[in-house]
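*Asks:* how does the following fold in three dimensions:
(chains A, B, C and D, ligands or ions: 4)
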Protein chains: 2
Amino acid sequence: MNFSIAEENYIKAIWRLQQADSNVTTNELSAELQTKPASVTDMLKRLKEKKILNYEPYYGVKLNADGKKIALGIIRRHRLWEYFLVEKLKFEWDAVHVIAEELEHVSSPELVERLDHFLGFPKADPHGDPIPDSSGRMETSKHISLHQLKEQQPAIVSGVNDQSSGLPEILRQKKISIGTKVEIKQRFLFDGSIEIKIRNQPLITLSEQLAKNIYVTPL
Amino acid sequence: MNFSIAEENYIKAIWRLQQADSNVTTNELSAELQTKPASVTDMLKRLKEKKILNYEPYYGVKLNADGKKIALGIIRRHRLWEYFLVEKLKFEWDAVHVIAEELEHVSSPELVERLDHFLGFPKADPHGDPIPDSSGRMETSKHISLHQLKEQQPAIVSGVNDQSSGLPEILRQKKISIGTKVEIKQRFLFDGSIEIKIRNQPLITLSEQLAKNIYVTPL
DNA sequence: TATTTTTTTTAGATTTGCCTAAATTATAAT
DNA sequence: ATTATAATTTAGGCAAATCTAAAAAAAATA
Ligand SMILES: [Mn+2]
Ligand SMILES: [Mn+2]
Ligand SMILES: [Mn+2]
Ligand SMILES: [Mn+2]
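*Replies:* Ligands and ions are numbered 1, 2, ... in the order given. Purely as a prediction, here's the structure:
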């Protein structure tokens, strides 16, 4: 079956939301997609017709097996293109998400497979998110935000928020990148800021805002 | 201003047709775009509103300066992507047109400039068609089809039809590629086939169908 | 020049994807 | 258990992009 760009965006949004929540509500979707709840209801009815999700009026929606497979195909394309944009075209990684939102809808399967090969079969995109393979399998990376990390719990930076612009600059300045080992030494309730230890350098302070956009895997 | 995918396809089709014909008719467009004449009329009215073309009911349509610039931007993207697909992803060049029809609509100007740089600022796409520069300038290659070439008139193969599938295979077999010097030695009126001389090899026969899909620049 | 044919436009519908406003259902609070 | 609030759906509409059928205009032919 064939899906329009609008449909693909809904499928991807449902997939993302159901990772956290299993059952996705109309309001959550309308917030995610910047549309009105009434428009979401419309689209859910259409996608139910296409048998890729279970939608129970008033009780939310969930992708079925077919729907998940389609979602992972879109995510695969999105992340491969992000990798291409950063590695080959030398974009900063805060600029690529918007462009990949368009490229992900180019539908040639041959293109995706050749792109993957050209890129050397990367395992993760520039934000640290895993790239599904051609049959839709993907490592389930269960990282948390640095903001949620417990004090004195060492962790490895495993990703960053792919939507926030200006992030590369501040992370470069603070010498943090994917793979960096970090540990929270102190947490200030006043403003949510944290002091972290990196390697053997003096403590650095991160704002709550910043810590929420960095993802880590506890060791 | 911003243009939809449908609008961009119309703009490109008008541009292509007005190269041959200056004034483009509704029927020509409907044939080119595989739509009904009534749909063309509708769209021409919308594009006239946007002030990128001169449309006189019953008398055809012509892009104005703004329209031409937009068209050349789309053509630039199309041809850069075709070059990428062949040179980097190793597609055969009869496969890339369809994919480039989608990629050309990805709208980031930054993407186009970086892609151009990444590819080494190519001058022509895999079919021999010139790639407009970022300000819309393009060499006007005036090649003719090999079928139209006069006998005993040496010429260089300068391009191929970008839409015909199976062409790379037969050209490889006959050892013809862009840059090859050719000369028609004999022409058969019976079936339109021609005998051509390449380098110092024995004459080869090309069908009318094939000769019409190869473009040459007479020396 | 008058008539026929072809081209083009208009009128009226349809589908997709969105909207606002009103009605309905579910959930939370008294 | 009612009542109030919040979430969701329905109803009705709109714009883009397409279509078919009918009308109108231009071009070709007699
Ligand atoms: Mn992204
Ligand atoms: Mn990403
Ligand atoms: Mn092409
Ligand atoms: Mn081409």
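*Asks:* nearest spatial neighbour of the residue of chain A found nearest ligand 3, skipping sequence neighbours?
*Replies:* Nearest to ligand 3, among the residues of chain A, is residue A:108, at 14.0 Å (C-beta to the ion). The C-beta positions use only the backbone N, C-alpha and C, and glycine is treated the same way. Leaving aside its sequence neighbours, residue A:108 sits nearest to residue B:99 (C-beta to C-beta, 6 or more residues apart in numbering or on different chains; 4.9 Å).
*Asks:* so who does that neighbour touch?
*Replies:* Applying C-beta atoms under 8 Å, 6 or more residues apart in numbering or on different chains, one finds that residue B:99 lies in contact with A:106, A:108, A:110, A:111, B:81, B:85, B:91.
*Asks:* cool, residue A:54 as well?
*Replies:* A:48, A:61, A:62, A:64.
*Asks:* sec struct for it, please.
*Replies:* Under DSSP: H, G, I helix; E, B strand; the rest coil, the three-state class of residue A:54 is strand.
*Asks:* look up how far residue A:65 lies from it.
*Replies:* Separation of residue A:54 from residue A:65 (C-beta to C-beta, to the nearest Å): 11 Å.
*Asks:* ditto for residue A:206
*Replies:* 40 Å.
*Asks:* ramachandran angles for residue A:62?
*Replies:* When read as degrees, to the nearest 10, the backbone of residue A:62 gives phi -150, psi 130.
*Asks:* between the contacts of residue A:54, which has the most around it?
*Replies:* Neighbour counts for the contacts of residue A:54 peak at residue A:61, which has 26 neighbours (criterion: other C-beta atoms under 10 Å in any protein chain shown).
*Asks:* chain neighbours aside, what residue packs nearest to that residue?
*Replies:* Closest residue to residue A:61 apart from its sequence neighbours, by C-beta to C-beta, 6+ apart: residue A:55 at 4.5 Å.
*Asks:* circling back: ok, the residue of chain A closest to ligand 3 - contacts?
*Replies:* Contacts of residue A:108 by C-beta under 8 Å, 6+ apart are B:98, B:99, B:102.
*Asks:* measure how buried residue A:203 is and give me the count.
*Replies:* Neighbours of residue A:203 using other C-beta under 10 Å come to 11.
*Asks:* which residue comes closest to it once chain neighbours are left out?
*Replies:* Among residues not flanking residue A:203 along the chain, residue A:195 sits closest, at 4.6 Å (C-beta to C-beta, 6+ apart).
*Asks:* so is the residue nearest to residue A:108 in a helix, a strand, or just coil?
*Replies:* helix.
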